[in-house]
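Please find the sequence and the predicted model below.
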Amino acid sequence: MTDPDIIDDLLALLRDKCPGMATVDEAWFAEPIDNFDAQTPAALAYFAEDAAKGDAQTTRPVQEVRLTYGVWLVCKRDQFKAQRQALREALMGHGFSPQHNPMQYRGGQTTDIRGELIWWREFWTTDTWLRN
């Protein structure tokens, strides 16, 4: 079975298209942490969820699936709007492969404000096929 996960490609895209980010990496946490010591602004992505989009085809082992990625943006208040805009410009409509639909924005929210750091998390989706 081919794994449709694109996390490595997503990180490479953010490194290329968001030069203002001091740190771009795979997230190692699911909620804001007290001892965040990476350089900011930081974009930290993770594979959040996949979900079937209907039934599998009966004639062959193929099923449509939606992949969801979370992206943490951790930055100072005065950098927030510009870095969020760069993140969105990089991801909106980007097609990672012919097998993946263009990225779509699902939503975002401030999850914490700690001193001068804003913890913002967005979710992005792409639809593809799970194949055997």
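Here it is on my side, so go on.

how about the helices in the protein?
Using DSSP state H, the helices of the chain run over residues 7-17, 80-91.

possible to save the ones you listed as CSV with mean pLDDT?
Listed next are the helices of the chain as CSV, based on pLDDT from 0 to 100:
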stretch, mean pLDDT
helix 7-17, 98
helix 80-91, 98
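
list the contacts for Trp28?
Leu44 (C-beta atoms under 8 Å, 6 or more residues apart in numbering). For every residue, glycine as well, the C-beta is placed using N, CA and C.

6 Å - rerun?
By C-beta atoms under 6 Å, 6 or more residues apart in numbering, no residues touch Trp28.

Would you mind listing where this structure has pLDDT under the threshold?
1, 55-60 (pLDDT under 70).

Show me where it has its strands.
23-26, 42-52, 62-76, 104-114, 117-131 (DSSP state E).

Let's have these in JSON lines, adding distance to Ala12 and mean neighbour count.
Below are these laid out as JSON lines (distance: least, C-beta to C-beta, whole Å; neighbours: other C-beta atoms under 10 Å):
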{"stretch": "strand 23-26", "distance to Ala12": "9", "mean neighbour count": "16"}
{"stretch": "strand 42-52", "distance to Ala12": "11", "mean neighbour count": "17"}
{"stretch": "strand 62-76", "distance to Ala12": "13", "mean neighbour count": "20"}
{"stretch": "strand 104-114", "distance to Ala12": "19", "mean neighbour count": "13"}
{"stretch": "strand 117-131", "distance to Ala12": "15", "mean neighbour count": "19"}
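
Distance to Gly93 for those - can I get that in a markdown table?
Shown next, in a markdown table, are those (distance: least, C-beta to C-beta, whole Å):
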| stretch | distance to Gly93 |
| --- | --- |
| strand 23-26 | 20 |
| strand 42-52 | 17 |
| strand 62-76 | 15 |
| strand 104-114 | 8 |
| strand 117-131 | 10 |
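
quick one: which of the helices of the chain is nearest His100?
Across these, His100 has its closest neighbour in helix 7-17 (9.0 Å, C-beta to C-beta).

tell me which residues in the closest one are buried?
10-11, 13-14 (16 or more other C-beta atoms under 10 Å).

circling back: output the helices of the chain in a markdown table; the columns should cover distance to Tyr69.
Shown next, in a markdown table, are the helices of the chain (distance: least, C-beta to C-beta, whole Å):
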| stretch | distance to Tyr69 |
| --- | --- |
| helix 7-17 | 6 |
| helix 80-91 | 9 |
